[in-house]
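J.: let's see this in three dimensions:
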Amino acid sequence: MGVLESLAAFFGFDEHDTDLETETIAGLTTFLAMSYIIVVNPIILGDAITIEGYDSGDITQMITVATILASVVAILVMAFWANRPFGLAPGMGLNAFFAYTVVLGLGVPWQVALAAVFVEGIIFIALTAVGARRYIIELFPEPVKFAVGAGIGVYLLFLGLQEMQLVVAHPDTLVTLGNVATSAVAALSVAGLALMLILHARGIRGSIVIGIIATAVAGWLLTAVGVVSPGTLTPPGRYEQFSNEGVMGLLANVQYDFTPLVAGFVDGLGMITDDPIVFVLVVFTFFFVDFFDTAGTLIGVSQIGGFLDEDGNLPEIEKPLMADAIGTSIGAMIGTSTVTTYIESSTGVEEGGRTGFTALVVGLLFLLSLLLVPVISAIPQYASYLALVVVGIIMLQGVTDIDWQHPAWAIAGGLTITVMPMTASISNGLAAGIMSYPIVKAAMGEADDVPLGQWVLAAAFVVYFAVFFAVDAEMFAF
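T.: As a prediction, this is how the structure comes out:
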């Protein structure tokens, strides 16, 4: 049996009606959609981490290496243990909470914050091993499970349209339509989105990847010929850096030694007892938000991939859950914030990714990016976010699984879908659906149909928000 046949047998290509080409394209698509984290995560964490003897540039590059390695570890677990096409990396939102709330806001040393992330990961590993996380997720009300995909779809649409500058801030209405005539990003994004949608509608394999790369290349070309100024359609500083140093110059200036971050983590473990109350609060918040964000992402992405069973559950969900738990623990040890499953995985699933080989491709591309960090950072974020718009539209199909004639389903499902984008939080959307469902069922005289566990889940969210709002609300708005 050859290598290709062995891979196909191990990952179950025939069982999942897929092939090597489809899985490879899906992995490339997911990587391109989430590769921005390689650049963004170090920038965010770099604002909070200082190490004596190293400048900000060195620290940023250390965090870049830690980000990539933590992602690779988690993705390899996803590929070989869970055999699911999901990509993982340090999560957006939780990295901002780590940097701006915990370290800069509360004054917790970054070393202790890493220790908190590590403890959260260990708790996740333990709960996953005994099946507790799976049990809790399967308690989600059915309308919430079926609404998660559409809710994430609207959230992706909103994020993508904002990055494309088609949705912009407005002092009276909060958001409004951006001006394509005056915004080069909006104009190029519309053209790139049109190309992507046309290719997708025609069934062209790799339409999302083609759209991302074509839009990025167009942005660089328009900058090179002087149509727009550097930094408008290219990432800030990248055009000037490329002009001055060339590709080889960019590739040569990477700091790979991240051992000072590891040393900081070790120091943090010894500093936990300095303020145990704050430490427990930080661990609790990391844990709660990450738990439900990951659950919502897994269910939502699995829905468009056809992985859910008739009850809306993901079979053997404990396996992909273990991937983010291990990634979080290892990531904290080497210097980065909580690792979680990415909603951008939906782009690869839409391209046909159905097995862990898709995740393996994502992991290998992350590993390769250790050599190509400056090149990866040359892809403008608006180009990557075009994929979110396309996938967001596709994920709206989940609304057809909701019984809109049933008040409890309509209310819980509707709140789940709308609260996610309006609060920029998957976990908040889940909270709205989970808390409303038993209340509406009880109001309808159907309280006996609500399992005790769903009442406990709703009560847990009440406790969480009580803690959340009891502490300085502005400080914890992440």
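
J.: just the pLDDT for residue 357.
T.: Note for residue 357: predicted pLDDT of 97.

J.: would you agree it is in contact with residue 27?
T.: Yes - Residue 357 is within contact range of residue 27, at 7.2 Å (criterion: Cβ atoms under 8 Å). Any C-beta I mention is one placed from the backbone N, CA and C, and that applies to glycine too.

J.: shared neighbours of those two, anything?
T.: Listed as contacting both residue 357 and residue 27 by Cβ atoms under 8 Å, 6 or more residues apart in numbering are residue 85.

J.: for residue 344, what are its contacts?
T.: 30, 33-34, 87, 387-388.

J.: reformat the residues you listed as a markdown table; add distance to residue 291.
T.: Shown next, in a markdown table, are the contacts of residue 344 (distance: Cβ to Cβ, whole Å):
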| residue | distance to residue 291 |
| --- | --- |
| 30 | 23 |
| 33 | 24 |
| 34 | 20 |
| 87 | 19 |
| 387 | 26 |
| 388 | 23 |
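
J.: which of the residues you listed lies closest to residue 213?
T.: Closest to residue 213 out of these is residue 387 (11.2 Å), distances taken as Cβ to Cβ.

J.: so the closest one is in which element?
T.: Here residue 387, judged by DSSP states H and E, is contained in helix 381-395.

J.: next, the angle from the top helix by length along the chain to helix 381-395.
T.: The longest helix of the chain (DSSP state H) is helix 276-305. Angle of helix 276-305 versus helix 381-395, following axes from the mean of the first three to the mean of the last three Cα atoms, to 10 degrees, is 60 degrees.

J.: quick one, helices of the stretch 51-200 of the chain?
T.: 56-77, 94-96, 110-129, 132-138, 142-163, 184-201 (DSSP state H, counting those that start in this stretch).

J.: format the ones you listed as JSON lines; extra columns: mean neighbour count.
T.: Below are the helices of the stretch 51-200 of the chain laid out as JSON lines (neighbours: other Cβ atoms under 10 Å):
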{"stretch": "helix 56-77", "mean neighbour count": "23"}
{"stretch": "helix 94-96", "mean neighbour count": "23"}
{"stretch": "helix 110-129", "mean neighbour count": "22"}
{"stretch": "helix 132-138", "mean neighbour count": "18"}
{"stretch": "helix 142-163", "mean neighbour count": "25"}
{"stretch": "helix 184-201", "mean neighbour count": "19"}
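
J.: of all these, which lies closest to residue 277?
T.: helix 110-129 (12.4 Å).

J.: got a list of what the residue most central in space within the chain touches?
T.: Nearest to the geometric centre of the chain sits residue 342, at 3.1 Å (Cα atoms, centre = their mean). The contact partners of residue 342, taken as Cβ under 8 Å, 6+ apart, are 30, 34, 37, 86-89, 91, 297.

J.: just for the stretch 101-250 of the chain, where's the confidence low?
T.: Within the stretch 101-250 of the chain, the stretches with pLDDT under 70 are 245-250.

J.: coming back round to it: and the residue nearest to the centre of the chain, how close does it get to residue 105?
T.: 26 Å (Cβ to Cβ, to the nearest Å).

J.: identify the residue nearest residue 176 in space, chain neighbours excluded?
T.: Leaving aside its sequence neighbours, residue 176 sits nearest to residue 170 (Cβ to Cβ, 6 or more residues apart in numbering; 4.0 Å).

J.: what about the one you found, how many residues nearby?
T.: 10 (other Cβ atoms under 10 Å).

J.: for it, which residues make a bridge with it?
T.: residue 174 (DSSP bridges).

J.: for residue 302, give me its contacts.
T.: Residue 302 touches 308, 314, counting by Cβ under 8 Å, 6+ apart.

J.: and it, what's its pLDDT?
T.: 89.

J.: and it, how far from residue 313?
T.: 9 Å.

J.: same check on residue 208?
T.: Distance from residue 208 to residue 313, by Cβ to Cβ: 28 Å.

J.: which of the two has more residues huddled nearby?
T.: Neighbour tally, residue 208 and residue 313, criterion other Cβ under 10 Å: the higher count belongs to residue 208, 28 against 18.

J.: contacts for the host helix or strand of that one next, please.
T.: Assigned by DSSP H and E, residue 208 falls within helix 207-224. By Cβ under 8 Å, 6+ apart, the residues outside helix 207-224 that reach it are 25, 28-29, 32-33, 184, 188-189, 191-193, 195-196, 199-200, 204, 228-230, 232-234, 239, 347, 350-351, 378-380, 382-384, 386-387, 390-391.

J.: which one of the helices of the stretch 51-200 of the chain lies nearest to residue 466?
T.: Nearest of those (Cβ to Cβ): helix 132-138, 19.3 Å.

J.: list the contacts for residue 357?
T.: 7, 11, 13, 20, 23-24, 27, 79, 85.

J.: quick check: which element contains it?
T.: Going by DSSP H and E, residue 357 is in helix 356-368.

J.: the inter-axis angle of that helix versus helix 56-77?
T.: Using the same axes, to 10 degrees, helix 356-368 lies at 160 degrees relative to helix 56-77.

J.: alpha carbons only: can I get helix 356-368 in CSV?
T.: Written as CSV, here are the backbone C-alpha positions of helix 356-368 (Å, rounded to 0.1, in the frame of the first residue of the first chain):
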residue,chain,number,x,y,z
GLY,A,356,-8.5,15.2,10.0
PHE,A,357,-6.3,15.5,6.8
THR,A,358,-7.7,18.9,6.3
ALA,A,359,-6.6,19.8,9.8
LEU,A,360,-3.2,18.2,9.1
VAL,A,361,-2.7,20.5,6.1
VAL,A,362,-3.6,23.5,8.2
GLY,A,363,-1.0,22.3,10.8
LEU,A,364,1.7,21.8,8.3
LEU,A,365,1.1,25.2,6.8
PHE,A,366,1.3,26.8,10.2
LEU,A,367,4.6,24.9,10.7
LEU,A,368,5.9,26.1,7.4
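
J.: what comes up buried for it?
T.: Neighbour-count burial for helix 356-368 flags 356-366 (criterion: 16 or more other Cβ atoms under 10 Å).

J.: the closest residue to residue 352 other than its chain neighbours: how many residues sit nearby?
T.: Among residues not flanking residue 352 along the chain, residue 22 sits closest, at 4.1 Å (Cβ to Cβ, 6+ apart). The local packing of residue 22 (other Cβ under 10 Å) involves 22 other residues.

J.: how close does residue 22 sit to residue 207?
T.: Per Cβ to Cβ, residue 22 is found 13 Å from residue 207.

J.: any common contacting residues for those two?
T.: residue 351.

J.: could you give the mean pLDDT of the helix or strand just after the helix holding residue 387?
T.: Sequence order places helix 407-423 as the next helix or strand after helix 381-395, per DSSP H and E. Taken as a whole, helix 407-423 has a mean pLDDT of 93.

J.: what comes up buried for helix 407-423?
T.: So helix 407-423, judged by 16+ other Cβ under 10 Å, has buried residues 408-421.

J.: same list (the residues you listed) but as TSV, adding distance to residue 370.
T.: Below are the buried residues of helix 407-423 laid out as TSV (distance: Cβ to Cβ, whole Å):
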residue	distance to residue 370
408	50
409	47
410	49
411	48
412	44
413	43
414	44
415	43
416	38
417	39
418	40
419	38
420	34
421	34
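
J.: much appreciated, bye for now.
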